[in-house]
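Undergrad: Generate a structure from the sequence data that follows.
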Amino acid sequence: MPDILLSHGYFLAEDEKERHIMKPYPPLGLLYLSAWLKQAGCSVEVFDGTFATRADLEARLARTRGVLGLYTNLLTRSSVIELAQVAKAHGWTVILGGPESSNYPSEYLASGANVIVHGEGEATLLELMRALPQRGVHRLQDVRGISFLDEDGRVQTNAPREQIEDIDSIPWPDRAAIDHGKYLEVWRAHHGIGSVNLITARGCPYRCTWCSHAVYGFTHRKRDHRDCVDELEHIRDAYHPDQVWYADDVFTISNHWLYQYAAELKRRSVRIPFETISRADRMMDERVLETLADMGCYRIWIGSESGSQRILDAMKRRVTVDQVKWATKAAQRHGIKVGMFLMWGYDGEEMTDIEATIEHVKDTNPDIFFTTVAYPIKNTEYFDAVSRNVELRKSWFAATDRDHVVKGRRTGAFYREVDVWLRKEVDAHRLRESDREASARSLAEAHAARSSALRLQHEVES
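TA: This next block holds a predicted model:
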């Protein structure tokens, strides 16, 4: 029996949207915890539910009892609560970590969890594992970085724990703890290529108002570039991926590090195609883009969010519309495709901001773009700004932060029409030279969606 069983509340079989996309990645956070605990002498089992079923995990919980660590994120609230309650019924001690439980410690403790780990989990979880046998779950007052219920049933939140200063002291993710090959098989079956994820840094120092920093705060710690190349070589030799996904929040945050990393890759003749995420203002240098292309970057994702500078400034994005346009065009000149994220419905958005965004996307012309409607995540500046108008119309246990309704904001029906308006305008713009007839049809559909949006613009959530 292991000292701890690590798992999460995500099951691909229950995610209709992801089954359509079929680009799953392993839970790196759990694998980092596993590696850290094993390095310290703990016995660890990882139950990766991605390709399993809820019944499989429940059956595992029924076989033995011990300490269960569950990762929580915004999308798995009800799943984690259900699993925590099943585990408790079988006599398990339940520890939760991740951004979601850090934002709602009282609610999760009331729902069956014994301990909530806040922030970076490795050092806290190890100390907790050593403390639990002697002190139990109600006398953990000196373990930094946790919330728990004391002996009187009151929520106790201890002092925060410092982050691990030497990030290179953290061993690589314990990929051998799961069936990593299954991810590659699924990727290859659906996309003809296999992909593996890794990170070269932790955290993001930027303060975009809607973004949660519940785990790493506003810090950024970069790994040694040579260790990152070592890990990439290991991934290449062990898993033979066709590409990798650098899951950093902002991959090009340090030009100096990037150049060092690229030089070491070249010195060792390591070149694996990849995609990643960055910011436009961290790509405003031809050398950065030349380096990315030379390393094998085939697509980079940028958070454009809006084509209105007024909205970007309200979001505290610290980036300009012109920078997004320049970075997109420059990346494409270097053979790098650009994916763009856009956000409707941010507080204060007007029709002129929407029109500016549509023109921005047409003019910038990313290779692919996705839209979302802004949703307030607990403990973000955006949530605090609109909290007086935020309402949850479902049970908290069955909802997520995406279900928050912002009273006074335009309705979902309005934003659905805006989305059609955007996409058809962009289609018409792209087809105007190659297929004028198709361009005209798309433009007509864009005008129809715009008319519908204008009719709906005064309807708001009440």
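Undergrad: can we go C-alpha only for contacts and neighbour counts from here?
TA: OK.
Undergrad: mind listing what residue 329 touches?
TA: Taking C-alpha atoms under 8 Å, 6 or more residues apart in numbering, we find residue 329 in contact with residue 364.
Undergrad: Next up, phi/psi of it, please.
TA: Backbone geometry at residue 329, expressed as degrees, to the nearest 10, gives phi -60, psi -40.
Undergrad: Then residue 365?
TA: For residue 365, the backbone dihedrals are phi 60, psi 60 (criterion: degrees, to the nearest 10).
Undergrad: residues in contact with the spatially closest residue to residue 278 that is not a sequence neighbour?
TA: Nearest non-adjacent residue to residue 278, counting by C-alpha to C-alpha, 6 or more residues apart in numbering: residue 250, 4.4 Å away. Residues near residue 250 by C-alpha under 8 Å, 6+ apart: 204, 277-279.
Undergrad: Kindly report the same for residue 120.
TA: Residue 120 makes contacts with 163, 215-216, as judged by C-alpha under 8 Å, 6+ apart.
Undergrad: among those residues, which are in strands?
TA: Per DSSP state E, strands hold no members of those.
Undergrad: Of the residues you listed, which is the most crowded?
TA: residue 215 (21 neighbours; other C-alpha atoms under 10 Å).
Undergrad: Can I get the contacts of residue 250 in CSV including neighbour count, secondary structure and distance to residue 104?
TA: Output for those, formatted as CSV (neighbours: other C-alpha atoms under 10 Å; DSSP: H, G, I helix; E, B strand; the rest coil; distance: C-alpha to C-alpha, whole Å):
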residue, neighbour count, secondary structure, distance to residue 104
204, 19, coil, 22
277, 21, strand, 28
278, 17, strand, 29
279, 23, coil, 29
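Undergrad: Closest to residue 300 out of those residues?
TA: residue 277 (5.5 Å; C-alpha to C-alpha).
Undergrad: Look up the closest residue to the closest one, ignoring the ones flanking it.
TA: Closest residue to residue 277 apart from its sequence neighbours, by C-alpha to C-alpha, 6+ apart: residue 301 at 4.5 Å.
Undergrad: The one you found: how many residues sit nearby?
TA: 21.
Undergrad: now do residue 235
TA: 17.
Undergrad: just use 52 as the starting number from now, easier for me
TA: Renumbered: residue one is now 52, and that last one reads residue 286.
Undergrad: all helices for the stretch 102-251 of the chain, in order.
TA: Remark: helices assigned in the stretch 102-251 of the chain by DSSP state H, counting those that start in this stretch are 105-114, 128-140, 150-154, 156-161, 173-186, 231-242.
Undergrad: so which of the ones you listed comes closest to residue 225?
TA: Across the helices of the stretch 102-251 of the chain, closest to residue 225 is helix 231-242 (C-alpha to C-alpha), at 10.2 Å.
Undergrad: Need the residues that contact the closest one.
TA: Under C-alpha under 8 Å, 6+ apart, the answer for helix 231-242 is 73-77, 244-247, 290, 292.
Undergrad: try 7 Å this time
TA: 73-76, 244-246 (C-alpha atoms under 7 Å, 6 or more residues apart in numbering).
Undergrad: Rounded mean pLDDT for it, please.
TA: Averaging pLDDT along helix 231-242 yields 97.
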